[in-house]
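Enquirer: from the sequence below, what's the structure:
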Amino acid sequence: MLGANEKILTIEMKNLRIKGLIILHLVLISTFYACEDAAPGTEEVLQNMAISPNPFYDAIEIKIHGKVKGDVYYQIYTHMGKVVASNEFEVNSKKIYTKIIDLQELETGIYIIRIEYKGADIAQKLFKQDHAGA
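Expert: Okay, here's the model as predicted:
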């Protein structure tokens, strides 16, 4: 059993060779964290959440499926761990709730979004593309 501050983390490690340099790259596949007092059903809500498009250009859409009532908090981090966006929104939905987050101010690159709901959270890797790269 996990303690209140422990996380389940799944990572994949890859060695990438770029112009003769070897770079160790950690790819976040998924992270789920639930403290012992997380509300019942919270894990299911977070695992049925969809974030799209990925890669994105200007905005992402968080789609929450199922019966959800309460505050949802998100943070977006750079690959160096700096928070570049965060906010909280209230959800009261019985089927599907959609939240669009404008991220056009972010530079092209790799980000991690962390979404928290009722004592549990999930993280996912995001890729921001430049329109010229489309």
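
Enquirer: next, the buried residues of stretch 73-92.
Expert: Neighbour-count burial for stretch 73-92, counted by 16 or more other Cβ atoms under 10 Å, picks out 74, 75, 76, 77, 91. For the C-beta atoms, the positions are set from N, CA and C on the backbone; glycine is no exception.

Enquirer: you'd agree residue 78 is up against residue 109?
Expert: Yes - applying Cβ atoms under 8 Å as the test, residue 78 and residue 109 come out as touching, 7.1 Å apart.

Enquirer: so what's the residue count around residue 68?
Expert: Here the neighbour count serves as a burial measure; for residue 68 (other Cβ atoms under 10 Å) it reads 22.

Enquirer: what kind of secondary structure is the nearest residue to it once chain neighbours are set aside in?
Expert: Leaving aside its chain neighbours, residue 68 sits nearest to residue 91 (4.8 Å; criterion: Cβ to Cβ, 6 or more residues apart in numbering). Classification of residue 91 by DSSP: H, G, I helix; E, B strand; the rest coil places it in strand.

Enquirer: who's in contact with residue 91?
Expert: 64, 68, 69, 70, 71, 72, 97, 99 (Cβ atoms under 8 Å, 6 or more residues apart in numbering).

Enquirer: can you tell me which of those are buried?
Expert: Neighbour counting by 16+ other Cβ under 10 Å classes 64, 68, 72, 97, 99 among these as buried.

Enquirer: could I get those in JSON lines, plus columns for distance to residue 122 and secondary structure?
Expert: Formatted as JSON lines, the buried ones among the contacts of residue 91 follow (distance: Cβ to Cβ, whole Å; DSSP: H, G, I helix; E, B strand; the rest coil):
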{"residue": "64", "distance to residue 122": "11", "secondary structure": "strand"}
{"residue": "68", "distance to residue 122": "14", "secondary structure": "strand"}
{"residue": "72", "distance to residue 122": "11", "secondary structure": "strand"}
{"residue": "97", "distance to residue 122": "15", "secondary structure": "strand"}
{"residue": "99", "distance to residue 122": "15", "secondary structure": "strand"}
